[in-house]
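Undergrad: mind folding the following:
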Amino acid sequence: MKFLLAAINAKYIHSNPAVYSLRAYAGAEWADSIDLAEYTINQQLQEILADLYKRKPTVIGISCYIWNWKMIQELLPEIPKVLPETDIWLGGPEVTYDAEKTLKDYPMLTGIMVGEGEETFKDLLQCYRESEQNSLFGETKVFSEIPGLCLPEGYTEPRPLTDISELPFLYEDLEPFENKIIYYESSRGCPYRCSYCLSSIDKKVRLRDIEVVKKELQFFLDRKVKQVKFVDRTFNCDHGHAMEIWKYISEHDNGVTNFHFEISADILRPEEIELLNSFRPGLAQLEIGVQSTNEETIRAINRVMNVERLEKIVAAVRAGNNIHQHLDLIAGLPYEDYESFKNSFNRVYGMKPDQLQLGFLKVLKGSEMAQRAEEFGICYGEQPPYEVLYTKWLSYDDVLFLKKVEEMVELYYNSNQFTHVLPFLEQAFDSPFAMFEELAKYYEEQGYFIQSPARSYRYQVLLHFAEKFDGQHREVYKELLTYDLYLRENVKSRPDFCRDLTTEDYRSFAGAFYQKEEKERTMLPGYEQYHWKQLWKMTHLEPFDYPVWDVEKLIGTGGKKEQGHVLFDYQQRNPLNYEAKTIRI
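TA: Presented below is the predicted three-dimensional model:
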């Protein structure tokens, strides 16, 4: 017997912990009987079908999620045509909550593994083995005795929740995960009841034994894995568990590995914030789901959150200047109209996150939101990702325009390429959201949503936009954009808005500076082996007429001049935003 576990990921850098967990839990005795196959949604359907055929499995198990369900639906009718004797099983959140309907829609399926699959899969393997052994006597497979299945004849008995401390470690062999994100699970379940989230269905939080967790984290640290992404739904819901892990990664920091946590920020305690503030810059990053600041909306989605406290805690974490904070908003929630969403955006933007994700409600199968969608007047797509089209409060026109605003936020805020020019530009508008609204309209007028400007040309586009709304500060914007540009890279082909550096005055000043640095070696540590002409090429020295390095001061003085030179050192970069180190000359 050969059992193939197949996963179709959204991107190549993703992996599927589910299929690895199923195989690992089955144990060594099944190692030769289980094969894994990972694909991406960007591959051709025929390419995936051909690979499945070449593997000649007895049984195929496919892991189903909103990002791959459409492709799996197209794939299912084709598999029996080339593998007519192969049994097909599905599992995962996309088929768990409407398993009976899925079996009716796809009669080629043998069955569906419902909910957590580790123990169910192991029982299924044993059932197939016993069937093989008994085939001479004419006995058939008896799946109905296995808990946690949905079969054409109905559900079997429910499967009790798994003790996740008993789950084996997935990553003894890191080779399959080279150049991919490492996902790690230290808990399952969530104590909160957010109506849009499937984690709210399983309210019991199960923690992995902390000593086991430490041992496994040390495995990653010893091998200097670039990033470990915790998939715990609310990592800090158990204070003691979170503190133990945060203390451990702090005390055993290897200077390389980054750990990603999804947390509820407003429940962070002072001692947790103090510990987080002590981390090496880049050791950890936090994803914080705000979703909305409208109190009526927060109540309607069963969310527990104190927005005022959240603001203070995000500021306290930011004060450490060492942790990347990613804050999320969801458009399309109950009681959130366009104006309300604008207020939510401005309030979260004011928290100064490193990234602000403007997402759209996805009405997931099995969620309370799906059950109450009609009550809330939420119309959403029939196909995955089941994204909101409109609600009682938000029109389809509003949603379409918010999509354009989202793209502007991605290009100009989340890219971290315009960190100095945006705060100054905001002053020309009533609010940050108003700025992105107008930028979206400008993109639409210029046809840039159809023909998107190249990354380097976005600086020029933003200058033209700034000139339209705040033309009196044109020279300030040119310098701010120049500063932001060189913070990212040592460009040799300078945009037209940059000043001319071929003048005799500049070349004389820069030449004298680098020759002095070659003799004294005071400002560029790590460049000792290079002569002054090499230093000039490897770094950048830019003259400015305005204090663009201090945006708050620039805003406070209304764009008052303050001349100076800035040296950009590209060998030393900020680990949070990768900006070059700067030195005022």
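Undergrad: so what's Lys342 up against?
TA: Contact analysis of Lys342 by Cβ atoms under 8 Å, 6 or more residues apart in numbering lists 431, 433. Where you see a C-beta, it was placed from the backbone N, CA and C, and this is true even at glycine.
Undergrad: mind running it again at 7 Å?
TA: By Cβ atoms under 7 Å, 6 or more residues apart in numbering, the contact set of Lys342 is Phe433.
Undergrad: element containing Cys190?
TA: Under the criterion DSSP states H and E, no helix or strand holds Cys190.
Undergrad: ugh, wrong one, I meant Phe568
TA: Phe568 is part of strand 564-573, with elements assigned from DSSP H and E.
Undergrad: the helix or strand following that strand vs strand 564-573, what angle?
TA: Next helix or strand after strand 564-573 toward the C-terminus (DSSP H and E): strand 580-584. Counting by axes from the mean of the first three to the mean of the last three Cα atoms, to 10 degrees, strand 580-584 lies at 150 degrees to strand 564-573.
Undergrad: what does strand 580-584 rub up against?
TA: Residues contacting strand 580-584 (Cβ under 7 Å, 6+ apart): 487, 523, 549, 564, 566-570, 572-573.
Undergrad: quick one: low-confidence parts of the chain?
TA: Residue ranges of the chain with pLDDT under 70: 135-141, 200, 202-203.
Undergrad: out of the contacts of strand 580-584, grab the one that's most surrounded.
TA: When neighbours are counted by other Cβ atoms under 10 Å, Leu487 leads the contacts of strand 580-584 with 25 neighbours.
Undergrad: residue contacts, that one?
TA: Neighbouring residues of Leu487 by Cβ under 7 Å, 6+ apart: 568, 579-580.
Undergrad: switch the cut-off to 6 Å
TA: 579-580 (Cβ atoms under 6 Å, 6 or more residues apart in numbering).
Undergrad: and it, that's in a strand?
TA: No - remark: Leu487 does not belong to a strand; assigned using DSSP: H, G, I helix; E, B strand; the rest coil, it is helix.
Undergrad: any idea how far it lies from Ile298?
TA: 37 Å (Cβ to Cβ, to the nearest Å).
Undergrad: now for the contacts of strand 580-584, which pair is the farthest apart?
TA: Gly564 and Arg573 (21.5 Å; Cβ to Cβ).
Undergrad: burial count for Phe429?
TA: Using other Cβ under 10 Å, Phe429 has 16 other residues around it.
Undergrad: thinking again about what came up before, and the contacts of the strand holding Phe568?
TA: 486, 490, 526, 539-544, 580-585.
Undergrad: what's in contact with stretch 546-554?
TA: For stretch 546-554, using Cβ under 6 Å, 6+ apart, the contacting residues are 420, 423-424, 476, 479-480, 483, 561-562.
Undergrad: what do you get for stretch 175-186?
TA: 13, 15, 17, 208, 213, 225, 228-232.
Undergrad: which of these tops the neighbour count?
TA: Going by other Cβ under 10 Å, Asp232 tops those with 25 neighbours.
Undergrad: gap between the residue nearest to it when sequence neighbours are not counted and Lys214?
TA: Closest residue to Asp232 apart from its sequence neighbours, by Cβ to Cβ, 6 or more residues apart in numbering: Ser187 at 4.5 Å. Here Ser187 is placed at a distance of 14 Å from Lys214 (Cβ to Cβ).
Undergrad: between those two, which is the more surrounded one?
TA: More crowded of Ser187 and Lys214, by other Cβ under 10 Å: Ser187, with 21 against 16.
Undergrad: so what's the more buried one bridging to?
TA: Assessed by DSSP bridges, Ser187 has beta-bridge partners Leu207.
Undergrad: wouldn't it be in contact with Leu207 here?
TA: Yes - between Ser187 and Leu207 there is a contact at 5.0 Å, judged by Cβ atoms under 6 Å.
Undergrad: list the contacts for Met523?
TA: Contacts of Met523 by Cβ under 6 Å, 6+ apart are 517, 583.
Undergrad: assign it to helix, strand or coil.
TA: Here Met523 is recorded as coil under three-state DSSP.
Undergrad: do Glu262 as well
TA: Glu262 is classified as strand under three-state DSSP.
Undergrad: quick one: neighbours of it, just the number.
TA: With other Cβ under 10 Å as criterion, Glu262 counts 18.
Undergrad: nearest residue to Leu90 other than its sequence neighbours?
TA: Ile112 (4.9 Å).
Undergrad: again with Gln227
TA: Spatial nearest neighbour of Gln227, chain neighbours left out: Asn258 (4.6 Å); criterion: Cβ to Cβ, 6+ apart.
Undergrad: neighbours of that neighbour, how many?
TA: Neighbours of Asn258 (other Cβ under 10 Å): 17.
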